[in-house]
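Undergrad: Below is the sequence, then the predicted model.
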Amino acid sequence: MICQFFRYLVGPFEAIRGCGVAGRHPGNHFEPLAAVYPRSWLPRWAEALNERASGLQHLLHAALEADRLQVEPIGPAEAPWFHNLNTLEDLRWRMSLNHPNGLS
């Protein structure tokens, strides 16, 4: 994720206390690291994760259903920012791309 996207997430939503914001791909898959979480969520989330009762996707969907989460769509222009780089081959593939947004 690039800094501008994170600033974009924080900007309009920082005034809404107790409400988070997260990026979401088409198909309802959230990017948990492309998100801003309020501190008030910490006790519930820590409990759920310690009990292994929920993953972040489940917790984000629950927050959305409770009207405690704003969603920022991740479209085709932003999708390359969120490609996982888990192997050297992934990195080589990523470095071989030439994106118009300067992410080469």
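TA: Ah, there it is. Numbers count the residues shown, from 1 in each chain.
Undergrad: Now do the buried residues in whatever helix or strand residue 71 lives in.
TA: Taking DSSP states H and E as the definition, residue 71 sits inside strand 69-73. Judged by neighbour count (16 or more other Cβ atoms under 10 Å), strand 69-73 contains these buried residues: 69, 70, 72. From N, CA and C alone the C-beta is placed, and that goes for glycine too.
Undergrad: Residue 74 versus the residue lying closest to the second one once chain neighbours are set aside, what's the distance?
TA: Read that as residue 70. Once flanking residues are discounted, residue 70 sits nearest to residue 21: 4.3 Å by Cβ to Cβ, 6 or more residues apart in numbering. Applying Cβ to Cβ, to the nearest Å, the value for residue 21 to residue 74 is 12 Å.
Undergrad: Kindly report the same for residue 61.
TA: As judged by Cβ to Cβ, residue 61 and residue 74 stand 16 Å apart.
Undergrad: In terms of neighbours, single out the busier of those two.
TA: Of the pair residue 61 and residue 74, residue 74 is the one with more neighbours under other Cβ atoms under 10 Å, namely 21 against 16.
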